[in-house]
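Q: Dropping the sequence and predicted coords here.
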Amino acid sequence: MIIGVAAGLFATRGLRLTTMETIASAAGRGRRTVYMYFRNKAEIYNAVVDTEINSIIRPLREIVSSGGRFEGVLKRYTSERTRLLADILRRNPLLFRDFALEHSRVEKLRERLNREELQILIPCFRNSLKDGNSGASLAPEDYAMIFLNLIKGNDRLLTTDKGFERVEALNLTGTDIFIKGTEPALAVR
């Protein structure tokens, strides 16, 4: 409950204007209660960001584990990732702006999201190589990194007018180009 209340305050008031006291008050708790769970505001902020990262990772894992044709999985992954980031932007625009603009206080958490996404994507690429062409020029890790960098490069545009539509179009086009370019090495059907 404290994390949810803090997320709302960070979204509306910003990190600087949100204090441990305002979090406690909005949660209907005393400051001591909040301090029982969190040492400081930075810990609460990190917990809010962790919650948001988990809200992205869970559905992306499901897409990759659902199987299906490789190119279909990549396209669903791309679309869902864009939608999930846009949802965070609507729920918590200040947090997302920190995330998209690579603000220093969330850089470690951006790195965590990147690692988590690579853990999802690498097996997907590994399976595609295994099923298809074992003579690929790159390792599955390299393909996953290239693909992830391709689609995450447009995240900042989500904060602009018509950003979601633009990012989705760019990412799906980029995914199509990636799939076509990797057809000789990956098991694209």
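A: Right, received. Where do you want to start? Numbering: from 1, shown residues only.
Q: And residue 17, its phi and psi?
A: phi -90, psi -10 (degrees, to the nearest 10).
Q: now the one 5 residues further on
A: Note on residue 22: backbone dihedrals following degrees, to the nearest 10 are phi -70, psi -30.
Q: let's have the chain start at 257 instead
A: In the new numbering, first residue 257, that becomes residue 278.
Q: The nearest residue to residue 408 once chain neighbours are set aside and residue 399: what is the separation?
A: Distance criterion C-beta to C-beta, 6 or more residues apart in numbering; nearest residue to residue 408, sequence neighbours excluded, is residue 370 at 7.6 Å. Where C-beta positions appear, they are placed from N, C-alpha and C, glycine not excepted. Using C-beta to C-beta, to the nearest Å, one gets 15 Å for the distance from residue 370 to residue 399.
Q: wait, what's in contact with residue 337?
A: The neighbours of residue 337, taking C-beta atoms under 8 Å, 6 or more residues apart in numbering as the test, are 312, 316, 407, 427.
Q: repeat that for 7 Å
A: Residues in contact with residue 337, defined by C-beta atoms under 7 Å, 6 or more residues apart in numbering, are 316, 407.
Q: returning to what we had before: name the helix or strand for the residue nearest to residue 408, please.
A: Secondary structure from DSSP states H and E places residue 370 in helix 363-387.
Q: Give me the contact list for that helix.
A: Residues outside helix 363-387 that contact it (C-beta under 7 Å, 6+ apart) are 302, 305, 309, 312-313, 316-317, 320, 326, 329, 355, 358, 392, 396-397, 399-401, 403-404, 442-443.
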